[in-house]
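Colleague: next come a sequence and a model predicted from it.
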Amino acid sequence: MLLLSPAHLEARRLAARGPLAPLFDSLVAELEPLVGREPYVPEAKALLTRAGGRCENDGTQLEFDPFAPHEHRCPTCQAIHKGEVHHRAWVTLYQLWLAERAVHAALFFLLRGDERHGALARDILDGYAERYLRYANRDNVLGPTRLFFSTYLESVWLLQMCVAADLMRAAGDPNIANTVCARIAEPSAELIAGYDEGMSNRQVWHNAALMAAALLGNDEARFDRRVGAASGLEAHLTRALLSDGTWYEGENYHQFALRGLWYAVAMCDAHGRALPAALDDRFQRAFEAPWRTALPDLTLPSRKDSQYAVSLRQWRFAELTELGYARRQSSLLGGAL
């Protein structure tokens, strides 16, 4: 499996039936509106414009409702906006949202065996497999992409597609995994690999997606080449992640890069590719870095182009802190949680 060893999988099955059953049930309930219905897979690709996704009256960002592809509400004035530019702005978030739902459905199917969840994951993956090559590689802002307007967004999406397909394979459905590999992962990986962004935080996600696509296709040699590439995982941990655990581009990119690095390192861990001890320690320090550098009010410094007064009291920081604590139970991360 891409991210889990057999022992880790069994531990999660036991947890889902035991102490974490209430959490599992609440996550299942969140998926319920999609169960038993054909998922909506957009025909249009995402589009970045000045007007799309913003209120035409006051410029406020429109609400994202995954069940309303063509009507978009302004949270300030309550106006409803329609039209292509708003729909294609909505598509940006929806493609990522739907990919995450495929991961959730596939995982629930693997852990509990409810065929309704397996059917949902299968329908989402099949829907994208049918359409992927029909999305046009045009109207792009930053690199080639079929579904989005920047390559890194396709990398985030492809990673989720590969994880969902891998979970379905582990649950006993190799056919959908093979379909995703042939119709999505291979052509998408070829596109992503052609746009190398060096030490950019975006390249972190390119690497994670390419590593996942290689493993889904059982190509461990390609996986190893991506780990050791000039702009690969080990290069990022050596050069872009500084010795104190901070990402060199500043706070605005640290969390984003760290989550992508976590996927890549987790794949290495699951497949017996242990990092050199010095790099593993540096990676672990990256989870502690936001807490070590926080201001007294638990907001982040605003270096480079970071936003001002971003609080660490948010679920996204708690999630990353939990991931770090799961790897190594430091007193700092425990105290932060």
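Modeller: In hand now; what should we look at?
Colleague: what's the neighbour count on residue 76?
Modeller: 13 (other Cβ atoms under 10 Å). In this view, the C-beta of every residue, glycine as well, is placed from N, C-alpha and C.
Colleague: go ahead and confirm it touches residue 55.
Modeller: Yes. With contact defined as Cβ atoms under 8 Å, residue 76 reaches residue 55; the gap is 6.5 Å.
Colleague: what's the closest residue to residue 238 other than its chain neighbours in contact with, if anything?
Modeller: In this structure, residue 238 finds its nearest non-sequential neighbour in residue 279, 6.6 Å apart by Cβ to Cβ, 6 or more residues apart in numbering. By Cβ atoms under 8 Å, 6 or more residues apart in numbering, the residues touching residue 279 are 234, 237-238.
Colleague: next, the buried residues of stretch 174-191.
Modeller: For stretch 174-191, the neighbour count (16 or more other Cβ atoms under 10 Å) marks 176-177, 179-181, 183-185, 188-189, 191 as buried.
Colleague: what's the answer for stretch 71-82, then?
Modeller: Those would be 72-74, 81, for stretch 71-82 by 16+ other Cβ under 10 Å.
Colleague: same check on stretch 243-263?
Modeller: For stretch 243-263, by 16+ other Cβ under 10 Å, it's 245-247, 249-263.
Colleague: quick one: which of these sit in helices?
Modeller: Those of these mapping onto helices are 251-263, per DSSP state H.
Colleague: which residues of the chain fall in strands?
Modeller: Along the chain, counting by DSSP state E, strands occupy 72-73, 80-81.
Colleague: packing partners of the last one?
Modeller: Meaning strand 80-81. strand 72-73 (3 or more Cβ pairs under 8 Å, 6 or more residues apart in numbering; DSSP states H and E).
Colleague: note down every partner strand of the strand it packs on and its orientation.
Modeller: Paired with strand 72-73 in the same sheet, following DSSP bridges, are strand 80-81 (antiparallel).
Colleague: and of the strands of the chain, who's closest to residue 136?
Modeller: Nearest of those to residue 136, taken as Cβ to Cβ: strand 72-73 at 23.2 Å.
Colleague: list the contacts of that closest one.
Modeller: Looking at what lies outside strand 72-73 - Cβ under 8 Å, 6+ apart - the contacts are 53, 62-63, 65, 79-82, 86-87, 90.
Colleague: what do you get if the cut-off is 10 Å, keeping everything else the same?
Modeller: When contacts are defined by Cβ atoms under 10 Å, 6 or more residues apart in numbering, strand 72-73 is touched by residues 52-55, 61-65, 79-83, 86-87, 89-90.
Colleague: same question, stretch 2-14
Modeller: For stretch 2-14, the surrounding residues in contact (Cβ under 10 Å, 6+ apart) are 1, 20, 24, 107, 110-113, 159, 162-167, 169-170, 211-212, 215-216, 262-263, 266-267, 269-272.
Colleague: filter the residues you listed down to just the buried residues.
Modeller: 1, 24, 107, 110-111, 159, 162-167, 169-170, 211-212, 215-216, 262-263, 266-267, 269-271.
Colleague: tell me which entries of those lie within helices.
Modeller: Counting by DSSP H, the buried ones among the contacts of stretch 2-14 contribute 24, 107, 110-111, 159, 162-167, 169-170, 211-212, 215-216, 262-263, 266-267, 269-270 to helices.
Colleague: show me where the stretch 1-150 of the chain has its helices.
Modeller: All helices of the stretch 1-150 of the chain, identified by DSSP state H, counting those that start in this stretch, fall at 6-17, 21-31, 84-112, 115-131.
Colleague: of those, which is nearest residue 288?
Modeller: Residue 288 lies closest, by Cβ to Cβ, to one member of the helices of the stretch 1-150 of the chain: helix 6-17, at 23.3 Å.
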